[in-house]
Each structure stands twice: as structure tokens, then as C-alpha cells.
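Engineer: Here is the input, now give the coordinates:
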Amino acid sequence: MVCKRTILTLVLVVISKGAFGQSPVDVYFGLRGGAINSGVPIEVFNNHYFPTRYYPESEKYTFGPTVGVLLKDRFEIRLEAVRSRFSFRSESGTPFPVSGSKYTSQVEARTWQYPLLGAYHFGSGPMRLFGGGGISLETRASGTTHTETTTVPPYPPFEPAVTTNSTSPFRLRLNPTAFYVTGGINSRVKFISIRPEFRYTRWTSYRADSENSLLFSPNQFEFSVGLAFHPFHVIRGVGR
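Structural biologist: Sure thing, here's the model as predicted:
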């Protein structure tokens, strides 16, 4: 965590120097939106003998702010905050009514990812190819869990099954790290740029086994489009 904070501090220092210094840098701020093929992988508990059944769903859209700096019109450093949503339903796998109870649970959640990316811009002119990669600084998730539990009284007199409902919020920080490979086209007209981009993400550090299940794939593909404003485009060396 200390290392990630140090990296973030260095990025902010570079950006601030670009905004107020006299070096040939181009600072920009903007928004990005995209579509993904999978949600952020989530580890959930399972039972080896009577495994819980999971039905995951992910919303295919992402969005969030971005800030970056282009050094000497070639080398780019970019920090993003990417919001996405996911949900999943789970059902107990134990035999009912022999087990005495069963449950169904619905989770609705959203995640924030914080990618730190570096890229190299090729060629010259208003439309240029770029490619690079990066690492996630942090991933956070929050949402609610709605659970319905049905219980059969175990002893006489045998009464009807009792159903209870509960809803609880949750907030957590996901530990696994994501590595990114990215590439696309940057189209620039004076102080505005549009960036269609394709990104591959590989999530690591999962330990899913017979006692755990992994929801969503650790391999994530995303197509995004970014719109950025370059308020300091008149700084020496970057005017177009």
C-alpha cells in the first residue's frame, strides 16, 4: 500500500509540474466510458460436499474521470478512476428440507478501479497510434446483499416453514492486482482529444479451489472511448 501511495504521489507531482512549470508537457483532464466482457473477479465461499449455486451477472458499461500528462509529445502517464457494476444470485446447495433450512441471496454492487497507465505515442500529426500498459493501484467494491432464508422447525409439533428476509450493506477493498495492456488511436484538435482504446486486463492473486468459487473471469477485455481537454496546450512544445 505504501508503494502504491508513493506511485500516486509521483504522478500528481509530475502533473502539477506540467500544469505550472515551463517544461514541454501537455496536461489533460477528461472522462472515459467503455464496455467490458466481464466483471471484476470475486472470490466466494463454497462447500465441497453441497456446493452453493451461483448465477453471476455483470453490467457491460464502465465510466469515470481521467487525468494525465504527455511528456515531450511521446511518453504518457495516465491515472483513471473506473466505475462498473456487477450482481450475482446464490442458492444453498444443501438438501432441503432434510438440512432444515435453505437460502437465496442477491448481491448488487459497484466497483471502483484505479489504473495507472503508461503509453508511448507513435508518429506525428493530429491522429496517432499509442500503446502501453500499467497496473491497478486499488480496487474497491460496495453494495447490498438481500437474503431470504427458509427454515423448517426440527422438532414436533411440526409447524409450517418460516421465511425471513434481511438486507445488509457491505464495503470492501479487493486485494488482487490487475495488470493492463492497452492500445488505440488518439485524435487531437487543438485543446480537445478523442481516444478510442482497447484494453486487456489480467487479474492475479486468486486462490479459488474446492472450498472457493471464482465469479467472473480473471481475463477482462474492454473497449472504451475517452474525451479529454488540454487546458495547457499552449505550453512550449505542445501547441498544435
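Engineer: Quick check: Ser205 is in a helix.
Structural biologist: No: Ser205: not assigned to a helix; according to DSSP: H, G, I helix; E, B strand; the rest coil it is coil.
Engineer: Next one, pLDDT for it please.
Structural biologist: Note on Ser205: pLDDT of 71.
Engineer: Report the buried residues of the helix or strand hosting Val67.
Structural biologist: Using DSSP states H and E, Val67 sits within strand 61-71. Neighbour-count burial for strand 61-71 flags Thr62, Gly64, Thr66, Val67, Gly68, Val69, Leu70, Leu71 (criterion: 16 or more other CB atoms under 10 Å). C-beta: built from backbone N, CA, C; applies to glycine.
Engineer: thought the second one was touching Leu31?
Structural biologist: When you say that, I think you mean Gly64. Yes: in this structure, Gly64 is within contact of Leu31 by CB atoms under 8 Å, at 7.2 Å.
Engineer: rewinding a little: show me what the strand holding Val67 is packed up against.
Structural biologist: On a contact count with 3 or more CB pairs under 8 Å, 6 or more residues apart in numbering; DSSP states H and E, strand 61-71 meets helix 2-20, strand 25-36, strand 75-80, strand 82-91, strand 219-229.
Engineer: Extract the C-alpha trace of the second one and format it as PDB.
Structural biologist: It refers to strand 25-36. Output of strand 25-36 as PDB, limited to C-alpha atoms (Å, rounded to 0.1, in the frame of the first residue of the first chain):
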ATOM      1  CA  VAL A  25       4.500  18.700 -21.200                       C
ATOM      2  CA  ASP A  26       0.800  18.500 -22.000                       C
ATOM      3  CA  VAL A  27      -1.600  18.000 -19.100                       C
ATOM      4  CA  TYR A  28      -5.200  16.900 -19.700                       C
ATOM      5  CA  PHE A  29      -8.400  16.100 -17.800                       C
ATOM      6  CA  GLY A  30     -11.400  14.200 -19.100                       C
ATOM      7  CA  LEU A  31     -13.900  11.400 -19.000                       C
ATOM      8  CA  ARG A  32     -14.000   7.900 -20.400                       C
ATOM      9  CA  GLY A  33     -16.700   5.400 -21.000                       C
ATOM     10  CA  GLY A  34     -16.500   1.800 -22.100                       C
ATOM     11  CA  ALA A  35     -17.900  -1.700 -22.400                       C
ATOM     12  CA  ILE A  36     -16.400  -4.800 -20.800                       C
END
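Engineer: relative orientation of that strand and strand 219-229 in degrees?
Structural biologist: Using axes from the mean of the first three to the mean of the last three CA atoms, to 10 degrees, the inter-axis angle of strand 25-36 relative to strand 219-229 is 140 degrees.
Engineer: same deal with the fourth one?
Structural biologist: Between the axes of strand 82-91 and strand 219-229, defined by the same axes, to 10 degrees, the angle is 150 degrees.
Engineer: moving C-terminal of strand 82-91, what's the next helix or strand?
Structural biologist: Note on strand 82-91: by DSSP H and E, the next helix or strand toward the C-terminus is strand 101-121.
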